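>>> The sequence and its predicted three-dimensional model are supplied below.
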Amino acid sequence: MSTFENLQTLNIVIIDDNPSNVSVLEIMLEDEDYENITSFTNPKEGLAYCQNNPVDLILLDILMPEMDGLQVMENLEDKIRTEFLPVIVLTALTNEEAQAHAEKMGAHDYLTKPFQQDVVLERIKNTLTTRVYYKGAMRPLGE
């Protein structure tokens, strides 16, 4: 199985309060043959899912009601740091302070909306490729 085939089977979670944004991302990923996409428009539900299930990548909005994306990342900080759980922030928020905060919390990338589809897909592919190599490197010795 090639690395790209591995990428297509990894677990991707989308957390964005705007159903249209979620649909666009789902279609983009499905068109590239990604198979395991789970989406949430409620950030608290998305957070709970990420805390209780294996996840390989989170595509996360920042500006959301009840709980913003930075709060989601704060609640996932241990998983982000210890399991190399990558987060790509996709947001309309262009504030440099928010970007710095997201990166400090462990975001691997920060892209602003509206985004270019080919750029987002390439960043997802690159991030997932790194995730595959990281997970492979973390196998117990002797496997």
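Arrived safely, thanks for sending.

>>> If you count neighbours, what's buried in the longest helix seen in the chain?
In the chain, with assignment by DSSP state H, the single longest helix is helix 117-137. Across helix 117-137, burial judged by 16 or more other C-beta atoms under 10 Å covers Val120, Arg123, Ile124, Lys125, Thr127, Leu128, Arg131. Every C-beta, even on glycine, is put in place using the N, C-alpha and C of the backbone.

>>> Columns distance to Glu77 and pLDDT on top of those residues, output as a markdown table?
Shown next, in a markdown table, are the buried residues of helix 117-137 (distance: C-beta to C-beta, whole Å; pLDDT from 0 to 100):
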| residue | distance to Glu77 | pLDDT |
| --- | --- | --- |
| Val120 | 24 | 96 |
| Arg123 | 22 | 96 |
| Ile124 | 22 | 97 |
| Lys125 | 25 | 95 |
| Thr127 | 18 | 95 |
| Leu128 | 21 | 95 |
| Arg131 | 18 | 90 |
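
>>> Which one of these is nearest to Glu74?
Nearest to Glu74 out of the buried residues of helix 117-137 is Thr127 (C-beta to C-beta; 20.2 Å).

>>> That closest one is in contact with Ala107, isn't it?
No: if you go by C-beta atoms under 8 Å, Thr127 and Ala107 don't touch, sitting 10.5 Å apart.

>>> which residues do those two both contact?
Ile88 (C-beta atoms under 8 Å, 6 or more residues apart in numbering).

>>> Spatially nearest residue to Asp56 (excluding sequence neighbours)?
Of all residues not flanking Asp56 in the chain, Leu10 sits nearest, at 3.8 Å (C-beta to C-beta, 6 or more residues apart in numbering).
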